[in-house]
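In: please work out how this folds:
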Amino acid sequence: MDQLRPVPGGVPSEEGAPSAAGRGQAGPDLVDLLKACGRSDEAAFAQLYDATASRAVGLAVRVVRDPAQAEEVAQEAFLEIWRTAARFDPAKGSPLGWLLTIVHRKAVDRVRSAEASTRRDTTYHQQNQPIDHDSTAEAAQASLEARRVRNALESLTPVQREALELAYFGGYTHTEVATMLDLPVGTAKTRIRDGLIRLRDTMGVGA
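Out: Predicted coordinates:
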């Protein structure tokens, strides 16, 4: 599986209707498709791609803010999905959530790579500027806070982490999260709320 077909329909608009698989209506069973992909079934992978590619690109656009790069990110993500489909465990979360987590990670990696490139381009000038000790301390504190958040996320249940990542990293509304995970809106809100409470408790933040 060296190449993927172009993303069907291009980048979806913000108002685009969710796919049948995302709405939980009649459509391919993503769990079955992922299992088949894990057995190197290329036809199943094509169905999985057609059912989820637009949603994957939509998430990538939210992160990288560039449609062309978003399509590249989605292609990279689907290659990883093809290679790692056998690792998917439906007991730990929904297939769409698992798939979009990979897309999100690839998109974040792309943003970080671009930021690193920018930093390399400006290193010389930065090294020749007076050190702002206050800014340095703030940057160090921000890095520590980010590490605390990542560690705290590991303490969540898989379903809580899945919902929080879509809502706060993916930028989706509670209704969109519910649609993507094929859940009632109230259930999605509960998972997000409980996850936030657990994050607060883990990090020792007061109510």
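In: use CA for all of it now, contacts and neighbours both
Out: OK.
In: beyond the strand or helix carrying residue 72, next helix or strand please.
Out: Assessed by DSSP states H and E, residue 72 sits inside helix 67-84. Heading C-terminal from helix 67-84, the first helix or strand you meet, by DSSP H and E, is helix 95-127.
In: identify each buried residue in that following helix, please.
Out: Within helix 95-127, the residues scored as buried using 16 or more other C-alpha atoms under 10 Å are 95-108, 110-111.
In: and of the residues you listed, the nearest to residue 74?
Out: Within the buried residues of helix 95-127, proximity to residue 74 (C-alpha to C-alpha) peaks at residue 103, which comes in at 6.2 Å.
In: list the contacts for the closest one?
Out: 56, 59, 60, 73, 74, 77, 78 (C-alpha atoms under 8 Å, 6 or more residues apart in numbering).
In: with adjacent residues omitted, what lies nearest to the second one?
Out: Nearest-residue entry for residue 59: residue 170, 6.2 Å, with adjacent residues in sequence omitted and distances by C-alpha to C-alpha, 6 or more residues apart in numbering.
In: which residues does that neighbour contact?
Out: Counted by C-alpha under 8 Å, 6+ apart, residue 170 has contacts 59, 62, 63, 104.
In: just those now: which is nearest residue 115?
Out: For these, the nearest to residue 115 is residue 63 (13.2 Å; C-alpha to C-alpha).
In: hang on, the closest one packs against residue 109?
Out: No. In this structure, residue 63 is not within contact of residue 109 by C-alpha atoms under 8 Å, at 10.1 Å.
In: quick check: residue 167 touching residue 177?
Out: Yes. Counting by C-alpha under 8 Å, residue 167 sits close enough to residue 177 to count as a contact (6.6 Å).
In: and these two? Which one has more around it.
Out: Counted by other C-alpha atoms under 10 Å, residue 167 and residue 177 do not tie: residue 177 has more neighbours, with 26 against 20.
In: tell me how far that one lies from residue 60.
Out: Residue 177 sits 15 Å away from residue 60, going by C-alpha to C-alpha, to the nearest Å.
In: burial of residue 87, as a residue count?
Out: Neighbours around residue 87, by other C-alpha under 10 Å: 11.
In: same question but for residue 201, I mixed them up
Out: Using other C-alpha under 10 Å: residue 201 sits among 13 other residues.
In: which elements pack onto the helix or strand residue 37 falls within?
Out: Residue 37 is located in helix 30-38, with elements delineated by DSSP H and E. Helix 30-38 sits against helix 42-64, helix 67-84, helix 95-127, with contacts defined as 3 or more C-alpha pairs under 8 Å, 6 or more residues apart in numbering; DSSP states H and E.
In: where does residue 172 land in three-state SS?
Out: coil (DSSP: H, G, I helix; E, B strand; the rest coil).
In: residue contacts, it?
Out: By C-alpha under 8 Å, 6+ apart, the neighbours of residue 172 are residue 166.
In: measure it to residue 33 for me?
Out: Applying C-alpha to C-alpha to residue 172 and residue 33 gives a distance of 25 Å.
In: what of residue 182?
Out: With C-alpha to C-alpha as the criterion, residue 182 and residue 33 are 17 Å apart.
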